[in-house]
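*Asks:* here's a sequence, model it:
(2 chains)
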Amino acid sequence: DTEVTQTPKHLVMGMTNKKSLKCEQHMGHRAMYWYKQKAKKPPELMFVYSYEKLSINESVPSRFSPECPNSSLLNLHLHALQPEDSALYLCASSTGQGRTLNTEAFFGQGTRLTVV
Amino acid sequence: AQTVTQSQPEMSVQEAETVTLSCTYDTSENNYYLFWYKQPPSRQMILVIRQEAYKQQNATENRFSVNFQKAAKSFSLKISDSQLGDTAMYFCAFRDIYNQGGKLIFGQGTELSVKP
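*Replies:* Below you'll find the model as predicted:
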């Protein structure tokens, strides 16, 4: 199983709503990532979890709140978003970090988020 | 800080022809990975090919091959016998093996169109 599964595939939410994006992998990967991607632009890193602990937060606004309940799951909680937050949100996973050799990241299909 | 540059925002190629996508990068590290990712309109980010910096031999995956010039910090992707399904955004990406939390640094992307 080399899949990263993201749900939902599409999400429309109002600026006062609270919603969550979910990501799941069963490859035994211990690093998981959230990226934000605008059309025809490269993905921008938001958060990195390593061994279920937040290791990188790329100065993301607090209206985005990540959570890693276990080694297979990664959530992104959304609250009071702005229309400019509309984008494709990609989850990815890879093998461990530190002094182990990193390999490629496997990406999910993304959640297309529209904030109205 | 590492940077990745793709100088060709758009390219097109006739079906069955060969095309080369350019990528240059900047780093002071000696051990790293380089990747080419493909993102078709279906938006799934798919790994095309990877190269370990400590390997002299250029990576090859079927119709895809790279020209890795470490001293010049150049990592181009050659697609032979182009197919309509190769139409996609192509991102060059860099990963430091031991540092940076495993994050991928992406270039701006090249939009490739394969024409029948």
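
*Asks:* am I right that residue B:8 is in contact with residue B:21?
*Replies:* Yes - in this structure, residue B:8 is within contact of residue B:21 by CB atoms under 8 Å, at 6.4 Å. Bear in mind the C-beta positions are built from the backbone N, C-alpha and C, glycine included.

*Asks:* which neighbours do those two share?
*Replies:* Here residue B:8 and residue B:21 have residue B:110 as joint contacts, going by CB atoms under 8 Å, 6 or more residues apart in numbering or on different chains.

*Asks:* for those two, indicate the residue with more neighbours.
*Replies:* residue B:21 (22 against 17; other CB atoms under 10 Å in any protein chain shown).

*Asks:* tell me where the chain has strands.
*Replies:* Chain wasn't specified; assuming chain A. All strands of chain A, identified by DSSP state E, fall at A:4-7, A:10-13, A:18-25, A:31-37, A:44-50, A:53-57, A:64-70, A:73-79, A:87-94, A:106-107, A:111-115.

*Asks:* that's the wrong chain, I meant chain B
*Replies:* For chain B, applying DSSP E gives strands covering B:3-5, B:10-14, B:19-21, B:24-26, B:32-39, B:46-52, B:60-61, B:64-69, B:74-79, B:88-96, B:105-106, B:110-115.

*Asks:* what parts of chain A come near chain B?
*Replies:* Chain A has residues A:31, A:33, A:40-43, A:45, A:48, A:50, A:55-56, A:88, A:90, A:92, A:94, A:97-99, A:101-110, A:112 near chain B, with proximity defined as CB under 8 Å from any CB of the partner chain.

*Asks:* how about residue B:41: what's its closest non-neighbour residue?
*Replies:* Once flanking residues are discounted, residue B:41 sits nearest to residue B:88: 7.5 Å by CB to CB, 6 or more residues apart in numbering or on different chains.

*Asks:* what ranges of chain A fall below the confidence cut-off?
*Replies:* Applying pLDDT under 70 to chain A picks out residues A:1-2, A:96-102.

*Asks:* residues touching the residue positioned nearest the centre of it, list them.
*Replies:* Most central in chain A under CA atoms, centre = their mean is residue A:34, positioned 2.6 Å from the mean C-alpha point. Applying CB under 8 Å, 6+ apart to residue A:34 gives the contacts A:23, A:45-47, A:66, A:74, A:76, A:89-91.

*Asks:* repeat the analysis, applying 10 Å as the threshold.
*Replies:* A:21, A:23, A:43-49, A:58, A:60, A:64, A:66, A:74-76, A:89-92 (CB atoms under 10 Å, 6 or more residues apart in numbering or on different chains).

*Asks:* same question for residue A:105.
*Replies:* A:4, A:29, A:31-33, A:35, A:43, A:90-95, B:35, B:37, B:45, B:47, B:93, B:95, B:102-104.

*Asks:* and the gap between the residue nearest to the centre of chain A and chain B?
*Replies:* 11 Å (CB to the nearest CB, to the nearest Å).

*Asks:* burial count for the closest residue in space to residue B:92 that isn't next to it in sequence?
*Replies:* Take residue B:92 and drop its neighbours on the chain: the residue closest to it by CB to CB, 6+ apart is residue B:23, 3.5 Å away. Residue B:23 has 27 neighbouring residues, counting by other CB under 10 Å.

*Asks:* so what's residue A:24 closest to, chain neighbours aside?
*Replies:* residue A:5 (4.8 Å).

*Asks:* correct me if wrong: that neighbour contacts residue A:107.
*Replies:* No - look at residue A:5 against residue A:107 with CB atoms under 10 Å: they stay out of range, at 11.0 Å.

*Asks:* now the common contact residues for those two.
*Replies:* With CB under 10 Å, 6+ apart, residue A:5 and residue A:107 have common neighbours residue A:91.
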